[in-house]
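1. Here is a sequence with its predicted model. Questions after.
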Amino acid sequence: MTSTPVRPPAAAPAPSGGGTDPAGRTVGQRLEAATTGRPGPLVVVDLDALEANASDVVRRAGGVPVRVASKSVRVRHVLEQVLARPGFAGVMAYAAAEARWLVGHGVRDVLLGYPTVDTVAIDAVAADADAAAAVTFMVDDTAQADLLASAARRHDRTLRVCLDVDASLRVGRGPLAVHLGVRRSPVRTPAQAAALAAAVEARGGLEVRGVMFYEAQVAGLPDTSLAVRLVKSASVRELAVRRAAVVDAVTDALGRPLPLVNSGGTGSIEVSASAPAVTEVTAGSGLFVPTLFDGYRAFRARPAAYVGLDVVRIPGDGWATVFGGGYVASGPATPTRLPRPVWPEGLRLAPREGAGEVQTPLRVPARADLRIGDRVWFRHAKAGEVMERFAEVHLVRGDRVEATVPTYRGEGVCVG
């Protein structure tokens, strides 16, 4: 695989896809020049923007190690380049089979960010001494721990475990209580976490190394209104107290300190890193900065990942149709999950058709003057998800492709 050198941060395009570089070129002009002769649909990563984003993530962490969320990247080459930068340490994987695969390619610290019931992959990790020493499994229920303990006994291993603790904000009590955040772990209180830690270790072959808190209502919610900012502020205050209490309770239950207390995401790096109990923060989307991360006040959005689609027909005045485009992000089925055309500027999806399965029609302003064969550049709503639609990604520096590398899909790693 071609190695891409790590360089100092450089100027990056504006979130809209507009703006110019020091040479006066728009991002579309640079990407167009870099990919001339390469057929679309294709996906590119702007290395200058990526590296500026990586530096900004480390700056925001204030010296606390940053674990890279692989689901927001899904390109092993990019993961390796980011991990080589000071301030980053370890990967948060999203599947057990992926975790073992990463260890096989030299990653020595993989935290599985989600529980797994993939007994084949669990057994493969337990059977591999290197993987067993490098992978930390996530649990929030003893049923998950039973699967891990069974594999540990079969292979005479000790498997490492982390507890997933609910970090949502709950306002009020009883049936009228409001849940603000994602529905993840059933473990919330210090007593529940301590009981789970003790129960996990009582099964034998398992070592509880730490706890994780993902405050999605802070890390994954743009600062779109005063109400949102008030919710974030209240959540940060509540979690700061409860997180410290959970860590203390689990420490007391185990009779030893926890080496791993993971918290946060791209949108909450500063507040998570500043908590005394936190040993590391996680970030992933902050590297590519998809459209869902344009509205944050905590950092400058420098888009780094783009999809190029080619115009294949002009169905009428003010319209152009591109090949491909149906790369809709997970989450609620709203327009925010659709890919956004960003260059040429002023293009809009057709409200009744959206992003098409094979072709995507676009409303075209007169100034754009698109013709058959022209290329249109889109940004995805989420970071790594779009990489699942492509076998390779072109890494662009300025107006040239430095390297073309496989995505997870291109390496045959389609696990979620």
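-> Arrived safely.
2. and the one helix or strand Glu201 maps to, how far from the chain's centre?
-> Secondary structure from DSSP states H and E places Glu201 in helix 190-202. Remark: helix 190-202 is offset 29 Å from the chain centroid, using Cα atoms, centre = their mean, to the nearest Å.
3. Buried ones in that helix, by neighbour count?
-> Using 16 or more other Cβ atoms under 10 Å as the test for burial, helix 190-202 gives 190, 192-197, 199-201. For the C-beta atoms, the positions are set from N, CA and C on the backbone; glycine is no exception.
4. Would you mind putting these into JSON lines with pLDDT and distance to Tyr408 alongside?
-> Listed next are the buried residues of helix 190-202 as JSON lines, based on pLDDT from 0 to 100; distance: Cβ to Cβ, whole Å:
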{"residue": "Pro190", "pLDDT": "96", "distance to Tyr408": "37"}
{"residue": "Gln192", "pLDDT": "97", "distance to Tyr408": "35"}
{"residue": "Ala193", "pLDDT": "97", "distance to Tyr408": "32"}
{"residue": "Ala194", "pLDDT": "97", "distance to Tyr408": "37"}
{"residue": "Ala195", "pLDDT": "98", "distance to Tyr408": "37"}
{"residue": "Leu196", "pLDDT": "98", "distance to Tyr408": "31"}
{"residue": "Ala197", "pLDDT": "98", "distance to Tyr408": "33"}
{"residue": "Ala199", "pLDDT": "98", "distance to Tyr408": "34"}
{"residue": "Val200", "pLDDT": "98", "distance to Tyr408": "30"}
{"residue": "Glu201", "pLDDT": "97", "distance to Tyr408": "33"}
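5. These into a markdown table, with extra columns for distance to Ala298?
-> Below are the buried residues of helix 190-202 laid out as a markdown table (distance: Cβ to Cβ, whole Å):
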| residue | distance to Ala298 |
| --- | --- |
| Pro190 | 29 |
| Gln192 | 31 |
| Ala193 | 28 |
| Ala194 | 33 |
| Ala195 | 35 |
| Leu196 | 32 |
| Ala197 | 32 |
| Ala199 | 38 |
| Val200 | 35 |
| Glu201 | 37 |
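6. residues of the helix or strand hosting Glu207 that come out buried?
-> Using DSSP H and E, Glu207 maps to strand 206-213. Neighbour-count burial for strand 206-213 flags 206, 208-213 (criterion: 16+ other Cβ under 10 Å).
7. and of those residues, the nearest to Glu411?
-> Met212 (26.9 Å; Cβ to Cβ).
8. Not counting sequence-adjacent ones, nearest residue to that closest one?
-> Asn262 (4.3 Å; Cβ to Cβ, 6 or more residues apart in numbering).
9. That neighbour reaches Val278, doesn't it?
-> Yes. Contact criterion Cβ atoms under 8 Å: Asn262 and Val278 qualify, at 7.5 Å.
10. Pick out the least confidently modelled helix or strand of this protein, by mean pLDDT.
-> Here the helix or strand of the chain ranked lowest by mean pLDDT, DSSP states H and E is helix 216-219, holding a mean of 56.
11. Find the nearest non-adjacent residue to the residue nearest to the spatial centre of the chain, please.
-> What sits nearest the mean C-alpha location of the chain, by Cα atoms, centre = their mean, is Ser72, with 2.6 Å. Leaving out its chain neighbours, the residue that sits closest to Ser72 by Cβ to Cβ, 6+ apart is Gly284, at 2.8 Å.
12. How about Arg397?
-> Leu47 (4.9 Å).
13. Kindly report the same for Phe323.
-> Nearest to Phe323 is Val312, by Cβ to Cβ, 6+ apart, at 4.7 Å.
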